[in-house]
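Asks: sequence plus the predicted model coming up.
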Amino acid sequence: EADIYQTPRYLVIGTGKKITLECSQTMGHDKMYWYQQDPGMELHLIHYSYGVNSTEKGDLSSESTVSRIRTEHFPLTLESARPSHTSQYLCASSSIEGRGPHSGANVLTFGAGSRLTVL
Amino acid sequence: KNQVEQSPQSLIILEGKNCTLQCNYTVSPFSNLRWYKQDTGRGPVSLTIMTFSENTKSNGRYTATLDADTKQSSLHITASQLSDSASYICVVSDRGSTLGRLYFGRGTQLTVWP
């Protein structure tokens, strides 16, 4: 069972509202990520963090912001939601394989996702 | 340009039948390739991971193959079950460690009918 939790699972809000998607992991992973996924499309990295007080923008430009005050917590915030923000948002964290043939491989664990609909 | 292409885009099979999903990549340098299963409304879950030296990796009824020379991978599902209905995503990493960049395919949507 995944040890990374996202809330809310589903959110329907009106344009202009501020929203925060929560993500928490209990695995002690340093690196965390936010991906955006639309139906039939690949995951796009929008934010990541190497650890506490570290945040970086990903490959896909996003109007959202993130913070990393605690290792286990990586919330994503939209100050003013728009219909174009409607999407599925997936949080993930990663560890490094320390032994065996996959030593050094970056292994991602995903949360169940937050489905955001902006009317 | 580093890319991951998956085929077919969607596939419908009858329960109990076998199927094979394809993944072609142009990512270089290459570190590892993984297959994820994503159920509707859920996050992806890792099925297998393979590095350059591995040709085949099995996980129950799932068998992944990797040909690093042709940059192709396949995921074979044996004796399909209704619970196999999901999107299967191929992900390629260009290097080990958390510094590695991940390249995602768009997935193959598999539907298993009774």
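Replies: Perfect, thanks for sending it.

Asks: please make it C-alpha for all contacts and neighbour counts, starting now.
Replies: Fine.

Asks: which residue, neighbours along the chain excluded, lies closest to residue 10?
Replies: Picked chain A for this. Spatial nearest neighbour of A:Tyr10, excluding adjacent residues (Cα to Cα, 6 or more residues apart in numbering or on different chains): A:Arg115 at 4.7 Å.

Asks: ah, I was thinking of chain B
Replies: Nearest to B:Ser10 is B:Gln109, by Cα to Cα, 6+ apart, at 4.5 Å.

Asks: bridging residues for that neighbour?
Replies: Assessed by DSSP bridges, B:Gln109 has beta-bridge partners B:Ser10, B:Ser87.

Asks: ok, now which ones touch it?
Replies: Contact analysis of B:Gln109 by Cα atoms under 8 Å, 6 or more residues apart in numbering or on different chains lists B:9-11, B:85-88.

Asks: the residue lying closest to A:Ser49 once chain neighbours are set aside: neighbour count?
Replies: Distance criterion Cα to Cα, 6+ apart; nearest residue to A:Ser49, sequence neighbours excluded, is A:Thr55 at 4.5 Å. Here the number of neighbours of A:Thr55 (other Cα atoms under 10 Å in any protein chain shown) works out to 19.

Asks: check contacts around A:Thr55.
Replies: For A:Thr55, the contact set (Cα under 8 Å, 6+ apart) comprises A:47-49, A:66-68.

Asks: make JSON lines from the residues you listed and add secondary structure to it.
Replies: Below are those laid out as JSON lines (DSSP: H, G, I helix; E, B strand; the rest coil):
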{"residue": "A:His47", "secondary structure": "strand"}
{"residue": "A:Tyr48", "secondary structure": "strand"}
{"residue": "A:Ser49", "secondary structure": "strand"}
{"residue": "A:Val66", "secondary structure": "strand"}
{"residue": "A:Ser67", "secondary structure": "coil"}
{"residue": "A:Arg68", "secondary structure": "coil"}
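
Asks: neighbour-wise, give me the winner out of the residues you listed.
Replies: A:His47 leads the contacts of A:Thr55 on contacts (other Cα under 10 Å) with 25 neighbours.

Asks: can you read off the pLDDT for that one?
Replies: What the model reports as pLDDT for A:His47 is 94.

Asks: where does chain A have low pLDDT?
Replies: Residue ranges of chain A with pLDDT under 70: A:1-2, A:96-106.

Asks: can you do 90?
Replies: Residue ranges of chain A with pLDDT under 90: A:1-3, A:28-31, A:39-41, A:50-51, A:58-63, A:94-108.

Asks: now swap in chain B and tell me
Replies: B:1-2, B:28-32, B:41, B:48-55, B:68, B:93-102.
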